[in-house]
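Engineer: what's the 3D shape of this:
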Amino acid sequence: MTEKATVFQTTQLGVETTAGTAVPANKKMGAVDIALQPQNESDVIRPQGLKYATGVAQNREYTNLNISGKPAFQDLAYLLSSLLHYTAPVQQAATTAYKWTFDSNVSAEDVGKTFTVEQGDTTNAWRVAGAKVSGLTLTFNNNNGVGISGSGVAKALEEGVTKTAGATLLNTTPISQTMVEISMADTQAGLAGATKYCRGFNLEYSLTDKFGLVFPIGCDPFTVEKAPTNTAKITVATDVNGRALIGKLRDGSTKWFRIKATGPVIESTYNHSLIIDFPAKIAAIGDASDMDGLFVMEFGLQPVFDTAWGKAMNIEIVTDLASL
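Structural biologist: Residues are numbered from 1 along each chain as shown. I've put the predicted structure just below:
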């Protein structure tokens with residue numbers, strides 16, 4: 001009997017035309033891992049007077065997705081197309097570069113993509129339909145580099161399927177720490193000309209709990225959008241610029257943040273790139289501490305909706321991915 005060696009257990013996905021209706025999973029991500037985690041909820045039955053259970057009643061069955069790894073520009077476009085509102089990419093001039101723009105409707109549904117996800121090997125596999133990315137956290141750390149983690153929800157696991165043959169491995173251009181710069185400004189317009197901030201050592205941006213499952217009686221579960229948890233935090237030197245964030249906490253004014261990663265050239269003057277812009281209030285101050293001999297402090301950020309801008313965040317990716 002052939003053993004289920006971990007090294008051969010791959011994951012691939014396909015973009016669904018109708019949410020929850022399975023399609024061939026014909027793409028493989030190059031840097032991000034998606035692990036399927038089957039879940040169930042049940043009641044153990046033990047009548048009064050008996051010491052031991054007589055049965056189990058199954059109530060719910062569904063699947064969680066665990067997302068981890070290192071982000072690549074191409075993989076991130078797929079994940080954000082499910083988490084946020086999807087807009088088709090725009091070709092840049094007559095090149096092979098495409099700009100993907102993501103934001104989130106403030107008082108209306110975000111219409112994003114759902115996936116069919118297959119996992120296993122050539123002998124046997126399983127799959128889920130209706131997979132939806134429900135949360136992502138991007139971390140930019142001076143010691144550990146750029147990381148991604150996240151979660152998702154989907155229907156119950158379907159066993160005994162044959163993996164889609166000939167799945168295409170996406171072009172993979174990882175986002176590395178050497179590509180990244182951070183800038184801050186007091187206004188949204190000021191971000192464009194802001195000097196990069198060279199005393200930031202860790203910046204984490206997180207949007208989670210955005211989708212959940214609803215379980216109708218006798219039917220498959222489906223996803224519904226919820227009020228998400230949107231947080232961020234930054235670790236800075238306790239110099240005059242870092243300490244200026246304390247004043248922002250005291251007066252309640254908004255600080256604007258930009259995370260920008262510039263990768264290799266795609267074609268002509270267009271590079272792989274990622275830009276995350278968001279306004280935030282300073283929500284918390286951590287203890288000052290030592291980091292490699294430097295005195296630093298962590299600030300908790302609360303991203304907010306800006307009425308003049310009409311957004312809570314804007315994410316742009318330029319890469320060589322023309323479509324999902």
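Engineer: and the helices in the stretch 101-250 of the chain, which stretches?
Structural biologist: With DSSP state H, counting those that start in this stretch, the ranges of helices along the stretch 101-250 of the chain come out as 240-251.
Engineer: the strands in it, which residues?
Structural biologist: When assigned using DSSP state E, counting those that start in this stretch, the strands of the stretch 101-250 of the chain occupy the ranges 115-120, 125-141, 145-154, 158-161, 168-169, 180-185, 200-208, 211-214, 222-225, 229-237.
Engineer: for Pro38, find the nearest of those strands.
Structural biologist: Minimum separation from Pro38 across the strands of the stretch 101-250 of the chain (CB to CB) falls at strand 125-141, 8.4 Å. All C-beta atoms are positioned from the backbone trio N, CA, C, and that covers glycine.
Engineer: next, the angle from the closest one to strand 180-185.
Structural biologist: 60 degrees (axes from the mean of the first three to the mean of the last three CA atoms, to 10 degrees).
Engineer: which parts of strand 125-141 are buried?
Structural biologist: For strand 125-141, a neighbour-count test (16 or more other CB atoms under 10 Å) marks 125-140 as buried.
Engineer: keeping just the C-alphas, turn that strand into CSV.
Structural biologist: Presented in CSV, the C-alpha positions along strand 125-141 are these (Å, rounded to 0.1, in the frame of the first residue of the first chain):
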residue,chain,number,x,y,z
ALA,A,125,-7.7,13.6,-2.8
TRP,A,126,-10.6,15.6,-1.3
ARG,A,127,-12.1,19.0,-2.1
VAL,A,128,-14.3,21.8,-0.8
ALA,A,129,-16.6,24.1,-2.7
GLY,A,130,-17.6,27.6,-1.8
ALA,A,131,-14.3,28.5,-0.2
LYS,A,132,-14.1,32.1,0.9
VAL,A,133,-11.2,33.9,2.4
SER,A,134,-12.4,35.4,5.6
GLY,A,135,-9.3,37.1,7.0
LEU,A,136,-5.7,38.0,6.2
THR,A,137,-2.8,39.4,8.3
LEU,A,138,0.3,40.8,6.6
THR,A,139,3.4,41.2,8.7
PHE,A,140,6.5,43.3,7.7
ASN,A,141,9.2,42.6,10.3
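Engineer: what pairs with that strand, parallel or antiparallel?
Structural biologist: Applying DSSP bridges, strand 125-141 is found paired with strand 115-120 (antiparallel), strand 145-154 (antiparallel), strand 158-161 (antiparallel), strand 200-208 (antiparallel).
Engineer: could I get the strands of the stretch 101-250 of the chain in CSV, plus columns for distance to Ala284 and mean pLDDT?
Structural biologist: Rendered in CSV, the data for the strands of the stretch 101-250 of the chain read as follows (distance: least, CB to CB, whole Å; pLDDT from 0 to 100):
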stretch, distance to Ala284, mean pLDDT
strand 115-120, 35, 96
strand 125-141, 17, 97
strand 145-154, 21, 97
strand 158-161, 44, 92
strand 168-169, 42, 96
strand 180-185, 17, 96
strand 200-208, 13, 96
strand 211-214, 27, 96
strand 222-225, 27, 95
strand 229-237, 8, 97
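Engineer: circling back: so which of the strands paired with strand 125-141 is nearest Leu84?
Structural biologist: strand 200-208 (8.1 Å).
Engineer: around the residue nearest to Thr164 when sequence neighbours are not counted, how many other residues sit close by?
Structural biologist: Spatial nearest neighbour of Thr164, excluding adjacent residues (CB to CB, 6 or more residues apart in numbering): Pro24 at 4.3 Å. Counted with other CB atoms under 10 Å, residues neighbouring Pro24 total 15.
Engineer: Pro24 is in contact with Thr162, isn't it?
Structural biologist: No: distance between Pro24 and Thr162: 10.5 Å, which falls outside the contact criterion (CB atoms under 8 Å).
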